[in-house]
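# Give the three-dimensional model of this entry:
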Amino acid sequence: MNTRLLVLGLNIIAVSCMIMAYGFTINDTGLVGLSTSSGIMGGVLLVFSFTTAEGIVNAFNEYSVLMTNGLTTVMEDLDLLDAKPSVTSRRGELYLLLSKASPDDDVDPGIGTLHGLPYIAIPIGSVLQDASALENFESSIVEPAISSILIDDMGLCSRVSVEVSNRFIKVTLTGVSKEVEKLLGYPINPLTALTMTALSRLTKTDVRLVNMDRVVGGYYMVFEVKSSAQEPR
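Now for the predicted structure:
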């Protein structure tokens, strides 16, 4: 059994349900249809998790495009296209949070409001849950740890370099996978989300994207890390 595909399939179905609920709330049949299709994709990956199939990678790529488009549509409706994404721990659960408000307060999974501003909180507690927390945040320690996740485990790029300065961490990725690179024009994408999640797991902190841009041969991302007052991961 492929545990990663099993977890991915379950996460897809969960996110699809949230998008479907939002589609019904705003009476948007397009979103309802999109979430239904995504849910079917999640079910397919659940089946793939119990067998070996050559089409698994292509299925994942198709799902990534589908869900990225759907999430972008929801973000546009909520005026969140320019919101800085973050990974935050709340009540022992890890979330990918999209909000213009300060993420210091509790959030509930799905769509809600913080200080009168909308947010999207996607549970990601099962993503990279095997990553071991580091004892300190020195570049020489963070770099090999996150390289192991992004290169060896996920195959997202060919090289990772890390610079740590106070509460900011700069991660430079070169040789980014072409399939992943196709999605980098979206406000939230697999590369950004997985890098933030990996950093949050390794440092046991809340992580917020500050900036992202191109460099020769790849991309760099600057993250702000902040100790969470919530329960430990």
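
# who are the neighbours in contact with residue 217?
Going by Cβ atoms under 8 Å, 6 or more residues apart in numbering, residue 217 touches 174-175. Using the backbone N, CA and C atoms, a C-beta is placed for each residue, glycine as well.

# the bottom helix or strand of this protein by mean pLDDT?
helix 29-48 (a mean of 61; mean pLDDT, DSSP states H and E).

# Can you identify each of the strands in the chain by residue range?
Assigned by DSSP state E, the strands in the chain fall at 85-90, 93-99, 110-114, 117-123, 159-165, 168-174, 206-215, 218-226.

# Take those strands and lay them out in JSON lines including mean neighbour count and distance to residue 153.
Listed next are these as JSON lines, based on neighbours: other Cβ atoms under 10 Å; distance: least, Cβ to Cβ, whole Å:
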{"stretch": "strand 85-90", "mean neighbour count": "22", "distance to residue 153": "17"}
{"stretch": "strand 93-99", "mean neighbour count": "22", "distance to residue 153": "17"}
{"stretch": "strand 110-114", "mean neighbour count": "16", "distance to residue 153": "28"}
{"stretch": "strand 117-123", "mean neighbour count": "21", "distance to residue 153": "21"}
{"stretch": "strand 159-165", "mean neighbour count": "16", "distance to residue 153": "12"}
{"stretch": "strand 168-174", "mean neighbour count": "19", "distance to residue 153": "14"}
{"stretch": "strand 206-215", "mean neighbour count": "16", "distance to residue 153": "18"}
{"stretch": "strand 218-226", "mean neighbour count": "18", "distance to residue 153": "18"}
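
# mean pLDDT for those strands: which is lowest?
The minimum mean pLDDT among those belongs to strand 110-114 (a mean of 83).

# want to try a markdown table for the strands of the chain, with distance to residue 136 as columns?
Converted to a markdown table, those look like this (distance: least, Cβ to Cβ, whole Å):
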| stretch | distance to residue 136 |
| --- | --- |
| strand 85-90 | 19 |
| strand 93-99 | 21 |
| strand 110-114 | 31 |
| strand 117-123 | 28 |
| strand 159-165 | 9 |
| strand 168-174 | 12 |
| strand 206-215 | 16 |
| strand 218-226 | 12 |
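
# Quickly list the domain ranges of this protein.
For the chain, automatic domain parsing gives the domain ranges 3-123, 139-226.

# And the residue nearest the centre of this structure?
Ranked by distance to the mean C-alpha position of the chain (Cα atoms, centre = their mean), the top residue is residue 193 at 2.8 Å.

# Tell me the spacing between that residue and residue 16.
Distance, residue 193 to residue 16, by Cβ to Cβ, to the nearest Å: 16 Å.

# if I look at residue 115, how far off is residue 210?
20 Å.

# next one: residue 142
16 Å.

# again, but for residue 94
Taken as Cβ to Cβ, the span from residue 94 to residue 210 is 20 Å.

# now residue 179
As judged by Cβ to Cβ, residue 179 and residue 210 stand 26 Å apart.

# and what of residue 138?
Where residue 210 is concerned, residue 138 sits at a distance of 20 Å (Cβ to Cβ).

# go on, residue 168?
In this view, residue 168 and residue 210 are 7 Å apart by Cβ to Cβ.

# what sits in contact with each of these two?
With Cβ under 8 Å, 6+ apart as the test, residue 168 and residue 210 both reach 222-224.

# And the pLDDT for the residue of the chain positioned farthest from its centre?
What lies farthest from the middle of the chain is residue 27; by Cα atoms, centre = their mean that is 26.7 Å. Residue 27 is assigned 75 on the pLDDT scale.

# Kindly provide the distance from residue 124 to residue 95.
6 Å.
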